[in-house]
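Enquirer: let's see this in three dimensions:
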Amino acid sequence: MKTRLLGPPELTPVPRYVNYVDVYPRQCWGPRTIADTELVYIVAGRFNYRDSVGEVTAGPGDVLFIPPDEVHTLTFLGTQDGHFSCIHGELCEDGTWAAGDYRPVPMPATLTPTGVNLELRELFRRCAAAMSEYTHYRDALARSIYHQVWIMLSEYWVTRPASPHLSRRLQQMLDWLQEHLAESVSRKDLAREFGLAPEYINAIFKAEIGISPTQYIHRERAMWAHRLLVDEGYSVKEAASEVGFNDPFYFSRIFKKVMGIPPRAA
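Expert: All right, here's what the predicted structure looks like:
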């Protein structure tokens, strides 16, 4: 069965569990997996999130996305009480992410810094309040709020703005990579361009965005290729070549790893 790609207006989100709660020093969830998608909005405190790709640190205003079946650990780093909100659910009422029935477009980022977005924080709070009540239209209200959350976050995932948490040095590296994305570039090229050791380049990426330079390049190329396949009608071979892959089979493997579907299903 072909995986459906759903834009924000086409989503029919179904929240299953929502909270807006205090957390306590050194509180930890995992290692664990979950059966559906999860959004975690950080209200207060700092949290470490670790999965098979790497780890990131999230603070107030940041949103974490956790996909189904991903072994992960979430740890509160604060020495005083913190606060967060979690929404578990599916984005399509007649399918599941885990079974490959659908994927949202744009794909969510693991960490989305939203800054001081009071409207988004209020949506998380309202969704939790709606799910805790027993009124005639409880489910419809919670679904509507959850949908608004996804639409608002999708704006961040489409534009991919520079994170306020990124150092100036890393932002310069990311800008350079964007200019050379279709070329055969690596962390060694970054090291030469910026006069740093390759190992240090890797450490900077891991510390600030939780992934390696190679993972960043693969992710950006896959998203670029998806636009070419879907919006401009490129063939898989043409898209692979355009975004810097000489081997279409290797491109297909990387694309599926990043996007969750093979390029022919895009």
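
Enquirer: point out where the stretch 51-200 of the chain drops to low pLDDT.
Expert: 159-166 (pLDDT under 70).

Enquirer: longest single helix anywhere in this protein?
Expert: helix 138-159 (DSSP state H).

Enquirer: then stretch 195-214 to CSV, C-alphas only?
Expert: Coordinates of each C-alpha in stretch 195-214 appear next as CSV, following Å, rounded to 0.1, in the frame of the first residue of the first chain:
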residue,chain,number,x,y,z
GLY,A,195,40.0,26.0,9.9
LEU,A,196,38.9,23.4,12.5
ALA,A,197,39.6,19.8,13.1
PRO,A,198,37.0,17.3,11.6
GLU,A,199,36.4,15.8,15.0
TYR,A,200,35.7,19.3,16.5
ILE,A,201,33.3,20.0,13.6
ASN,A,202,31.4,16.8,14.5
ALA,A,203,31.3,17.7,18.2
ILE,A,204,29.9,21.2,17.4
PHE,A,205,27.0,19.7,15.3
LYS,A,206,26.3,17.0,17.9
ALA,A,207,26.2,19.5,20.8
GLU,A,208,24.1,22.1,19.1
ILE,A,209,21.6,20.3,16.8
GLY,A,210,22.1,16.7,17.9
ILE,A,211,23.1,15.2,14.6
SER,A,212,26.4,14.8,12.6
PRO,A,213,27.2,17.0,9.5
THR,A,214,26.6,13.9,7.3
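
Enquirer: just say helix, strand or coil for the residue most central in space within the chain.
Expert: The residue lying closest to the centre of the chain (C-alpha atoms, centre = their mean) is residue 109, at 1.7 Å. With DSSP: H, G, I helix; E, B strand; the rest coil as the basis, residue 109 sits in coil.

Enquirer: residue 229: what's it in contact with?
Expert: 236, 239, 263, 266 (C-beta atoms under 8 Å, 6 or more residues apart in numbering). Yep, even glycine has a C-beta here, placed from its N, CA and C like the rest.

Enquirer: and the one helix or strand it maps to, how far out from the chain middle?
Expert: Element membership for residue 229 (DSSP states H and E) is helix 213-231. Remark: helix 213-231 is offset 14 Å from the chain centroid, using C-alpha atoms, centre = their mean, to the nearest Å.

Enquirer: let me know whether residue 215 touches residue 53 as I believe.
Expert: Yes. Residue 215 lies in contact with residue 53 (C-beta atoms under 8 Å); the separation is 6.7 Å.

Enquirer: which of these two has more residues huddled nearby?
Expert: residue 215 (18 against 14; other C-beta atoms under 10 Å).

Enquirer: so where does the residue of the chain most remote from its centre fall, helix or strand?
Expert: Relative to the centre of the chain, and counting by C-alpha atoms, centre = their mean, the farthest-placed residue is residue 136 at 33.7 Å. According to DSSP H and E, residue 136 maps onto no helix or strand at all.

Enquirer: also residue 93?
Expert: Per DSSP H and E, there is no helix or strand for residue 93.

Enquirer: check what pLDDT the closest residue to it other than its chain neighbours gets.
Expert: Distances taken as C-beta to C-beta, 6 or more residues apart in numbering place residue 12 nearest to residue 93, at 4.3 Å, with adjacent residues excluded. Reported pLDDT at residue 12 in the predicted model: 96.

Enquirer: wait, residue 12 sits on residue 92?
Expert: Yes. Counting by C-beta under 8 Å, residue 12 touches residue 92, with 5.7 Å between them.

Enquirer: now the helices for the stretch 51-200 of the chain?
Expert: 118-132, 138-159, 168-179, 187-194, 198-209 (DSSP state H, counting those that start in this stretch).

Enquirer: and the third one with helix 213-231, angle?
Expert: Read that as helix 168-179. 40 degrees (axes from the mean of the first three to the mean of the last three C-alpha atoms, to 10 degrees).

Enquirer: give me the distance between the residue farthest from the centre of the chain and residue 72.
Expert: Distance of residue 136 to residue 72, given as C-beta to C-beta, to the nearest Å: 37 Å.

Enquirer: what does residue 176 give?
Expert: Distance from residue 176 to residue 72, by C-beta to C-beta: 31 Å.
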